[in-house]
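Enquirer: Just a sequence and a predicted model for now, questions to come.
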Amino acid sequence: MGGGDVNTGPRLQAIVCNLCGGGDAEPIARQNGFRIVRCRACGLVYVNPRPPSEELPGWYTHYHTRDGASEASWDRLMGRVFRESAEILCASRDGSGRRRLLDVGCGFGGFVAAMRERGWDAEGVDPSPAVVAAAVQRGRPVRVGTLDALQAEGGSFDAVTMFYVLEHLPDPLAALESAWRLLGSGGTILIRVPHTTPIVRLLAPLGLGGALYDPPFHLYDFSPAVLRRLLMRAGFADIRTFPGQPTVPARRGARLAALLGGRLATGIHALSRGTVLLPGVSKTSIARKPPA
């Protein structure tokens, strides 16, 4: 099903389902030399086997600049998503003073800057030294690291954000549990993830689909129902998922597809009074840590 092999080296690690712990999964695709499977018990889609977790950060040395990408192109890609997300978080502000936010996988720090402009005490963490250096050079409080290695006191933040990050992490459930710990009572988590599986299903009979799963960078693919279960297992409540604003890819064809898909998804969601989520388009989920 499309996608040329990549040089993964001899070490690959078999894993069990991150959501339910099951080991019974059906193969659904093979892309970039990696097998993508779906858990028969809960429906989580993931790469199995995959490179060991300790080797994964090394894949991100040039991730943000591959295919000619730059800080400017990332800003254009995520601009609409960032503005919408900032408005949502600011609308939830209760006037109790300066709020703290952590953007996980912050890249060049675009969302950190956007929230600081709106009066938030925002900071970011990212595993790529190159993009962190670029962000720091622009005066953005961003550090090299990962969520599981972050040294911060529990309850330190009012909001945690992850834009197209959760699918990259070797242990999404543990990441959500870490976010829950870092949030104060009533704190908000905002997550944006792709939903690739329906598109692959649609294109596979046509011999298309390429390497849409993008392994080994993307290790998981989440349906809204599966992500909801993950958030609930991590302790979150008041979960809401919606299509949100689309990204703006640099390539014209991808940009047009994102725009049309985004408008269609938003229209269907509105007409159904928030009950129908179009498969195959990215979605934003918001949840809260219940008050103590």
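Expert: Nice, thanks for sending it over.
Enquirer: And the pLDDT at Val96?
Expert: Residue 96: Ser, not Val. Looking at Ser96, its pLDDT stands at 59.
Enquirer: I misspoke; the intended subject was Gly253.
Expert: With respect to pLDDT, Gly253 has a value of 85.
Enquirer: Residues contacting the helix or strand harbouring it, please?
Expert: Using DSSP states H and E, Gly253 maps to helix 252-271. Helix 252-271 is contacted from outside by 242-249, 276-278, 280-281, 283, using C-beta atoms under 8 Å, 6 or more residues apart in numbering. C-betas here are computed from N, CA, C, even on glycine.
Enquirer: Now a ChimeraX select for only the buried ones of the residues you listed.
Expert: Buried members of the contacts of helix 252-271, defined by 16 or more other C-beta atoms under 10 Å, are picked up in ChimeraX with:
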select :242,243,244,245,246,247,248,249,277,278,280,281,283
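Enquirer: Out of the contacts of helix 252-271, which one has the weakest pLDDT?
Expert: When these are sorted by pLDDT, the bottom entry is Pro249 at 86.
Enquirer: Can you tell me how far that one is from Pro51?
Expert: 27 Å (C-beta to C-beta, to the nearest Å).
Enquirer: try Glu123
Expert: Taking C-beta to C-beta, one finds Glu123 at 29 Å from Pro51.
Enquirer: same check, this time on Leu278
Expert: Separation of Leu278 from Pro51 (C-beta to C-beta) stands at 32 Å.
Enquirer: Quick one: mean pLDDT for the helix or strand where Asp158 lies?
Expert: In this assignment (DSSP H and E), Asp158 forms part of strand 157-163. Across strand 157-163, pLDDT averages out at 97.
Enquirer: Show the subsequent helix or strand relative to that strand.
Expert: Immediately after strand 157-163, counting by DSSP H and E, sits helix 172-182.
Enquirer: Could I get the CA-only coordinates of that following helix as PDB?
Expert: Output in PDB follows, covering the C-alpha atoms of helix 172-182 (Å, rounded to 0.1, in the frame of the first residue of the first chain):
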ATOM      1  CA  PRO A 172       0.400   8.500  24.400                       C
ATOM      2  CA  LEU A 173      -1.500   7.400  27.500                       C
ATOM      3  CA  ALA A 174       1.500   8.200  29.700                       C
ATOM      4  CA  ALA A 175       1.900  11.600  28.000                       C
ATOM      5  CA  LEU A 176      -1.800  12.400  28.800                       C
ATOM      6  CA  GLU A 177      -1.300  11.200  32.400                       C
ATOM      7  CA  SER A 178       1.800  13.500  32.700                       C
ATOM      8  CA  ALA A 179      -0.200  16.400  31.300                       C
ATOM      9  CA  TRP A 180      -3.000  15.700  33.900                       C
ATOM     10  CA  ARG A 181      -0.400  15.800  36.700                       C
ATOM     11  CA  LEU A 182       1.100  19.100  35.400                       C
END
